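A.B. asks: return atomic coordinates for the entry below.
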Amino acid sequence: MIDGFVALYIFMLAAFTGYEIIGRVPVILHTPLMSGSNFVHGIVMVGAMIVLAHADTTLEKVIGFIGVLLGAGNAAGGYVVTERMLEMFKSSKKGG
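C.D. replies: Residues are numbered from 1 along each chain as shown. Alright, predicted model coming up:
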């Protein structure tokens with residue numbers, strides 16, 4: 001039971017730290033930050049798939065699958081948002 005409390009403590013500490021760091025990022029740095037977070041999501045996806053491969057019970061497999069599915073959607077959506085943000089910085093002049 002003590003391991004669960006340690007894991008919850010680490011999760012809460014990481015969530016608070018992440019919120020504080022992201023909240024202080026200037027607007028001009030959001031596009032590079034989004035690209036960096038997409039990279040991290042890719043690493044998380046690999047880890048989640050490895051953990052899912054070692055799942056034993058049906059509940060573990062279902063939770064793992066949902067985690068992989070949500071992580072993949074988050075990473076793909078991040079790339080779409082990054083692309084749209086980069087489009088805003090392109091010149092509106094038509095090449096001729």
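A.B. asks: can you tell me the element Ser91 falls in?
C.D. replies: Using DSSP states H and E, Ser91 maps to neither a helix nor a strand.
A.B. asks: all helices for the chain, in order.
C.D. replies: 2-23, 30-53, 58-88 (DSSP state H).
A.B. asks: what does His54 show for phi and psi?
C.D. replies: When read as degrees, to the nearest 10, the backbone of His54 gives phi -100, psi 10.
A.B. asks: low-confidence stretches in this protein?
C.D. replies: Scanning the chain for pLDDT under 70 picks out the ranges 1-2, 30-32, 34-35, 94-96.
A.B. asks: okay, now the nearest residue to His41 once chain neighbours are set aside: neighbour count?
C.D. replies: With sequence-adjacent residues excluded and distances taken as Cβ to Cβ, 6 or more residues apart in numbering, His41 is closest to Ala75, at 3.8 Å. Heads up, the C-betas are built off the backbone N, CA and C, glycines and all. The number of residues packed near Ala75 is 18, by other Cβ atoms under 10 Å.
A.B. asks: distance of Ala75 from Phe39?
C.D. replies: For Ala75, the distance to Phe39 equals 9 Å [Cβ to Cβ, to the nearest Å].
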